[in-house]
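the following comprises the amino acid sequence and a computationally predicted model.
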Amino acid sequence: MKVWNEMLEHAKTWSIEAGDKQLERLEGPMHMESKSSAIDLVTEMDVWTEKFLTEKIKKHYPDHVMRTEEGGMHEGNSDFEWIIDPIDGTVNYAHGLPHFSISIGIRFKGTTVAGMVYAPKLQEMYEAIKGGGAYLNEKAITVSETKALDRAVVGTGFPYDKGTDPDNNLTHFNNILPKIGGIRRLGGAALDLSQVACGRMDGYWEIKLNSWDIEAGLLILEEAGGVAEVVKEEKGLFVISGSPEIFPQLKALIER
Ligand code: IPD
Ligand code: CA
Ligand code: CA
């Protein structure tokens, strides 16, 4: 058994524990603050979850590197790196909407080798190990077989600086919307990619993302037979993804 199988099992166990706490805290008033804009929120549970996970990792794997949304880089002397978004979909979480998740990707020597996306409210655990397929609650998943773009349901999102930077995805949205079957803005990149992986959506694109938003979701998507392109741009990561049929058709509509 590879080391990262054990790491993934730990990540799942710790995420389920943290997810229970996230659900518990939804019952009471929540402390939150704004970051880059009024709607870019960090709740006390983003901070709590990240601390909980990084402390567990440090205890079990003291040398490992960690890249986390709230804390940044935790340097270490190892070829292993954990990429963590403690709550992806914080706006949903803060509003009581169920589409939020804990996302953990594991890299070895720069390659993503394992990842999990856990949605506590939906009780869904998506996971993948490189070369081993993708799973939702332990059942194998694959991307959809939709062939025609005008039947495809495609997800996207809009950056937090949408009100101040005209590069806010609206041009792509306007080009794509008339050509596709339906559009969804679910509000969590990690789960969005997972929805494409399990065939509920046929494609997904977004701009200005960070590695913690997509690290685990991308592996899950690719292991489910999906295709993705990630371009590192000045303002963040630009991602287009989909089933092998829908991906090229979606890509043809996007000019960056
Ligand atoms: C955000 C979500 C959202 C996407 C944003 C991300 P956060 O992550 O994934 O769907 O549109 O670009 O930053 O802030 O909830 O962790
Ligand atoms: Ca995120
Ligand atoms: Ca987050």
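Received the coordinates, thanks. Numbering: from 1, shown residues only. Ligands and ions are numbered 1, 2, ... in the order given.

when you work out contacts or count neighbours from here on, use the C-alpha atoms and nothing else.
Noted.

in this protein, where's the longest helix?
Longest helix in the chain by number of residues (criterion: DSSP state H): helix 3-25.

C-terminal to that one, what's the next element?
Of the helices and strands lying after helix 3-25 in sequence (DSSP states H and E), the nearest is strand 32-34.

whatever helix or strand comes next after that next one packs against which elements?
Toward the C-terminus, strand 32-34 is succeeded by strand 41-43 as the next helix or strand (DSSP H and E). In terms of contacts (3 or more C-alpha pairs under 8 Å, 6 or more residues apart in numbering; DSSP states H and E), strand 41-43 is packed against strand 32-34, helix 90-95.

closest to the centroid, which residue in this protein?
A190 (1.6 Å; C-alpha atoms, centre = their mean).

doesn't it lie inside a helix?
Yes. According to DSSP: H, G, I helix; E, B strand; the rest coil, the state of A190 is that of a helix.

and stretch 44-60, anywhere near ligand 1?
No. Contact of stretch 44-60 with ligand 1 (C-alpha under 6 Å from any ligand atom) is absent, the minimum separation being 8.6 Å.

begin at 52 from now on, thanks
Done: numbering now begins at 52, and the last item shifts to stretch 95-111.

can that stretch be found next to ligand 3?
No. Judged by C-alpha under 5 Å from the ion, stretch 95-111 stays clear of ligand 3, getting no closer than 6.7 Å.

what ranges do the helices span in the stretch 152-301 of the chain?
Counting by DSSP state H, counting those that start in this stretch, the stretch 152-301 of the chain has helices at residues 221-227, 240-248, 262-274, 297-302.

just so I know, which of these lies nearest ligand 1?
Nearest to ligand 1, of all the helices of the stretch 152-301 of the chain, is helix 240-248, at 3.8 Å by C-alpha to the nearest ligand atom.

quick one, that closest one and helix 262-274 angle?
Helix 240-248 and helix 262-274 are oriented at 10 degrees to each other (axes from the mean of the first three to the mean of the last three C-alpha atoms, to 10 degrees).

the longest helix of the chain packs against which elements?
helix 95-111, strand 152-159, strand 162-170.

neighbouring contacts of it?
Outside helix 54-76, the residues that touch it by C-alpha atoms under 8 Å, 6 or more residues apart in numbering are 96, 100, 103-104, 107, 153, 155, 157, 164-167, 169-172, 176, 180.

what does the stretch 152-301 of the chain put close to ligand 2?
Residues of the stretch 152-301 of the chain lying near ligand 2 by C-alpha under 5 Å from the ion: D264.

any regions of the stretch 152-301 of the chain where pLDDT drops low?
Of all residues in the stretch 152-301 of the chain, none has pLDDT under 70.

related to what we said a few turns ago, and the helices and strands packed on helix 54-76 as TSV, adding mean neighbour count?
Formatted as TSV, the helices and strands packed on helix 54-76 follow (neighbours: other C-alpha atoms under 10 Å):
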stretch	mean neighbour count
helix 95-111	17
strand 152-159	26
strand 162-170	25
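
quick one: closest of those to M252.
M252 lies closest to strand 162-170 among the helices and strands packed on helix 54-76, at 16.3 Å (C-alpha to C-alpha).

tell me what angle that closest one forms with helix 54-76.
Orientation check (the same axes, to 10 degrees): strand 162-170 against helix 54-76 gives 20 degrees.

and strand 162-170, which strands flank it?
Using DSSP bridges, strand 162-170 pairs in its sheet with strand 152-159 (antiparallel), strand 175-180 (antiparallel).

just the CA trace of the shortest one, in PDB.
Below are the C-alpha coordinates for strand 175-180, written out as PDB (Å, rounded to 0.1, in the frame of the first residue of the first chain):
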ATOM      1  CA  GLU A 175     -21.200  12.900   0.400                       C
ATOM      2  CA  MET A 176     -17.500  11.900   0.300                       C
ATOM      3  CA  TYR A 177     -15.800  12.100  -3.100                       C
ATOM      4  CA  GLU A 178     -12.400  10.600  -3.300                       C
ATOM      5  CA  ALA A 179      -9.700   9.500  -5.800                       C
ATOM      6  CA  ILE A 180      -6.200   8.000  -5.800                       C
END
